[in-house]
Structure formats: C-alpha cells, structure tokens
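no sequence on this one, just coordinates:
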C-alpha cells in the first residue's frame, strides 16, 4: 500500500512538473514574439523600425508583432524582391488618396476573410497567373468591358456556385479565351 501511494504521489508530482514546464514554454514563446522594449530589438530591426522608435514601447503587442514579422520578412528578402516591393510602394504613393484608401479597404476586407476563403482566393489567383499572358489580357479586357451591374451579377452568380460548378465554369471560360 505504501509503495502504491508513493508511486501515486510521484505521478502527481510529475504531472505538476509537466504542467509547469508547459506554462513556461508558452510564456517563453510569447516573449519571443512580443518584444517589450526598443533596446531588445536587433540592430537591423531597429534600423528598419526607426520611425517607430519614440512610440515603440507604447505600441500594443499585436502591433509590435506585425511590425516585427514584416521587418523579418524584409530582412529575408532577396535584393530583387526588395526592389520589386519598393517599386510597388512607390506606385502606391503616386496614386490619388481616394485610390489608396480603396486599396487599403480591400486589404482590410481580405484580412477579415476566413483562412479557407483566403486559400481559395490564392488558388484562383495562382491559376490565373499560370495562364499565358495573352489569355490573361483577354480575360481582363472582357471583365473590364462589363458594366458595374454585370460585374456585380457575375460575382453574385459565382458565389452561388458549388466548387464543382466553379471548376466547370472556369474550364469553359479558359476554353473560350483560347479561341
């Protein structure tokens, strides 16, 4: 009986240790992702985030995490990718403010979509990008020639299709544009 009790107590102690270890791991991961002060950032991160230096410590953790994630993304880009990103930013800055706001709203709407919908949209975009350039131009031109009402009806109709019906519609559209 004493032997069983000792094993039982030992087992409980091991479980407590595992729980404590689990909590420590979670807390340490949170600390890795959320830098609490400016001085904890690496030199390269500080250099890129310099415009935020004065307000860094007052930013909420999610804002800090987003900025850090994008900073790390930038630091891991190739020179070509950096140049392309810079060109996109310059084109964006040259747009009228109304157009910039329109783009920002589209990005916000996209961020609010579920991960499944985002994956689906990315898949469609990849398929579109794989089409030959001439075929993409034809599709864009056809779409741009539609009236706003026709575009709305087309989007509404597409949303109502099942995944299989969508695939068939895209195949038919691809066949038509090849001609």
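Cool, got the structure. This structure is a prediction, so every number in the text was calculated from the model and none was measured. Numbers count the residues shown, from 1 in each chain.

for the most centrally placed residue in the chain, report the pLDDT, please.
Taking CA atoms, centre = their mean, the centroid of the chain lies closest to residue 111, which sits 7.1 Å from it. With respect to pLDDT, residue 111 scores 88.

repeat for the one 10 residues further on
If you check residue 121, the pLDDT there is 87.

is it true that it touches residue 113?
Yes: assessed by CB atoms under 8 Å, residue 121 is found in contact with residue 113 at 7.4 Å. For glycine as for every other residue, the C-beta is placed from the backbone atoms N, C-alpha and C.

thinking again about what came up before, can you tell me how far the residue nearest to the centre of the chain is from residue 118?
As for residue 111, its distance to residue 118 is 9 Å (criterion: CB to CB, to the nearest Å).

next one: residue 112
In terms of CB to CB, residue 112 sits 10 Å off from residue 118.

which of these two has more residues huddled nearby?
With neighbours defined as other CB atoms under 10 Å, residue 112 and residue 118 compare such that residue 118 has more, 13 against 9.

in contact with that one, which residues are there?
residue 110 (CB atoms under 8 Å, 6 or more residues apart in numbering).

average pLDDT for stretch 71-83, rounded please.
93.

and for stretch 128-139?
89.

quick one: buried residues of that stretch?
138-139 (16 or more other CB atoms under 10 Å).

show me where the chain dips below the pLDDT cut-off.
Applying pLDDT under 70 to the chain picks out residues 1-36, 174, 176-179.

where do the strands sit along it?
For the chain, strands defined by DSSP state E do not occur.

show me where it has its helices.
Taking DSSP state H to define them, one finds helices in the chain at 2-33, 43-48, 61-75, 79-94, 97-111, 115-130, 133-145, 148-160, 163-178.

how much space between the residue nearest to residue 103 when sequence neighbours are not counted and residue 125?
What sits nearest to residue 103 in space, not counting adjacent residues and going by CB to CB, 6 or more residues apart in numbering, is residue 92, at 7.0 Å. Using CB to CB, one gets 19 Å for the distance from residue 92 to residue 125.

could you dump the helices of the chain into CSV and include distance to residue 54?
Output for the helices of the chain, formatted as CSV (distance: least, CB to CB, whole Å):
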stretch, distance to residue 54
helix 2-33, 22
helix 43-48, 12
helix 61-75, 14
helix 79-94, 23
helix 97-111, 24
helix 115-130, 34
helix 133-145, 44
helix 148-160, 44
helix 163-178, 50
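
pretty sure residue 146 is touching residue 152, no?
No: counting by CB under 8 Å, residue 152 is not a contact partner of residue 146; they are 9.3 Å apart.

can you count the residues close to residue 41?
When neighbours are counted by other CB under 10 Å, residue 41 registers 20.
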